[in-house]
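Just the structure for this:
(one chain, ligands or ions: 2)
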Amino acid sequence: KPRLFTGIQPTGSLTLGHYCGVIHHIISLQNDYEVIIMLADLHALTLPNPHLNYQEKCYEMAALLYACGLREENCKIFCQSQVPEHLILSHLLSPFVTVGSLSHMIQYKEKKRGEETGNLALLSYPVLMAADIFLYDADLVIVGQDQRQHLELTNTIARKFNNFFGQNLLKIPQFSIPDRGAKIMDLQNPTRKMSKSEPDHLSLLDAPEIVKKKVVRAITDSENKIRYQPKKKPGISNLLTIYSLLADREIKEVERNLTDLNYHQFKLKLAELINDKLTIIQKNYGFWRVRVEELLRKNSNHLRLQAEKKIALLKEELAISSLPLT
Ligand code: ATP
Ligand code: MG
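Ligands and ions are numbered 1, 2, ... in the order given. Presented below is the predicted three-dimensional model:
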């Protein structure tokens, strides 16, 4: 089976944005691919947070991902820090990336938050991300809209690297950004992406009452007409996108069926739909949470073998030492 790869940072709880974007998309593809999901704890450390227990977050995320419906036998979720080969490959790729190109990345500029320059790990984030992808010879990579620029850079790195060594050492995968749900917006600020590290996100672990409150309070325009117009009406369009994904209906159809409702009625209906999904996920969560530590260990061991092989092959081609240490 071809390999599908994606990554998520354990910097908070999974959000409705992750569910509607990457998770939903991967679930629909899981029969045709071997799925690898990396919990990117090394990436998470680019903006260190002493109050976060990254290990605990990894367990929570992995259990939640399985609880969403990813199947254990076909989906290997693992922690990035358990496979140190990611760092080796990142280093091998580094000479093929300029500092200038990294400093132009939107995420770098956004996350450095006004400091004159950001820290080195934040700058080199896309290089480690490229390494994550190439380490497993991925065939398909799925990410949200905000990662598009990093994927383009990943492509450039591989082409330079392969050209230099005169052979296709790095496999350039197909990149896929879901056509719907690739950028679920913040409910309180619908011109900004919903993010787990921002305070207003809707978490997959939120209780029904909280979900209802957050959805009812979502910022919308004052026209009170349910229309999908992302530029003019970002708030209501975002809610329509979420509704259409969770109900598994086209946006046009949803729009048609809901025309008679006012915003408040629509929001109540949406909150109910979200809660129907979350209730099932939250019910499954407990089952997975007690199994997940063992499962992550098993998955890391399996992937580490793959990663070691890839690095051994590259070292041979790059004519650097691959002598074992003992
Ligand atoms: P952080 O605020 O820590 O960056 P995040 O919510 O952006 O957290 P990431 O771990 O950075 O989450 O992203 C994991 C994956 O989910 C990426 O592929 C990203 O593009 C995708 N993603 C993140 N937020 C959304 C969203 N609101 N809608 C759709 N996809 C998203
Ligand atoms: Mg992010």
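
Next one, pLDDT for residue 246 please.
The model reports residue 246 with a pLDDT of 97.

any idea of the pLDDT on the closest residue to it other than its chain neighbours?
Distances taken as C-beta to C-beta, 6 or more residues apart in numbering put residue 273 closest to residue 246, at 5.1 Å, once the chain neighbours are dropped. Bear in mind the C-beta positions are built from the backbone N, C-alpha and C, glycine included. At residue 273, the model reports a pLDDT of 98.

residues touching residue 273, list them.
243, 246-247 (C-beta atoms under 8 Å, 6 or more residues apart in numbering).

Help me confirm that residue 77 is found in a helix?
No - Residue 77 is assigned strand when assessed by DSSP: H, G, I helix; E, B strand; the rest coil, not a helix.

of all of the stretch 51-200 of the chain, which residue lies closest to ligand 1?
Closest contact between the stretch 51-200 of the chain and ligand 1, by C-beta to the nearest ligand atom, is at residue 144 (2.4 Å).

what about that residue, how many neighbours?
21 (other C-beta atoms under 10 Å).

Also residue 158?
For residue 158, the neighbour count with other C-beta under 10 Å is 21.

Let the chain start at 28 from now.
Will do, 28 is the new start, and the previous item becomes residue 185.

just checking, it touches residue 197?
Yes - in terms of C-beta atoms under 8 Å, residue 185 counts as a neighbour of residue 197; the distance is 4.3 Å.

Name the residues contacting each of those two.
Residues touching both residue 185 and residue 197 (C-beta under 8 Å, 6+ apart) are residue 161.

Let's have the contacts of residue 300 in CSV, adding secondary structure and distance to residue 42.
Below are the contacts of residue 300 laid out as CSV (DSSP: H, G, I helix; E, B strand; the rest coil; distance: C-beta to C-beta, whole Å):
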residue, secondary structure, distance to residue 42
270, helix, 16
273, helix, 14
274, helix, 19
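
thinking again about what came up before, any idea how far the residue nearest to residue 273 is from residue 287?
17 Å (C-beta to C-beta, to the nearest Å).

Confirm that residue 34 sits in a helix.
No - using three-state DSSP, the assignment for residue 34 is strand, not a helix.

just to revisit the earlier point, between the contacts of residue 300, which is closest to ligand 1?
Closest to ligand 1, out of all of these and judged by C-beta to the nearest ligand atom, is residue 273, at 13.6 Å.

For that closest one, which residues are in contact?
Here residue 273 is in contact with 47, 300-301, 304 (C-beta under 8 Å, 6+ apart).

hmm, back to that, wait, a helix at the residue nearest to residue 273?
Yes - counting by three-state DSSP, residue 300 is part of a helix.

Spell out which parts of the stretch 78-227 of the chain neighbour ligand 1.
Within reach of ligand 1 by C-beta under 6 Å from any ligand atom, the stretch 78-227 of the chain has these residues: 170-171, 173-174, 208-211, 220-224.

switch the cut-off to 8 Å
138, 169-174, 205, 208-213, 220-225 (C-beta under 8 Å from any ligand atom).

still on that earlier bit, can you count the residues close to the closest residue to the residue of the stretch 78-227 of the chain closest to ligand 1 other than its chain neighbours?
Leaving aside its sequence neighbours, residue 171 sits nearest to residue 48 (C-beta to C-beta, 6+ apart; 4.7 Å). The number of residues packed near residue 48 is 26, by other C-beta under 10 Å.

And residue 134, by the same measure?
16.

ok, now which ones touch the nearest residue to residue 84 once chain neighbours are set aside?
Spatial nearest neighbour of residue 84, excluding adjacent residues (C-beta to C-beta, 6+ apart): residue 37 at 3.7 Å. For residue 37, the contacting residues are 66-68, 71, 79, 81, 84-85, 87-88, by C-beta under 8 Å, 6+ apart.
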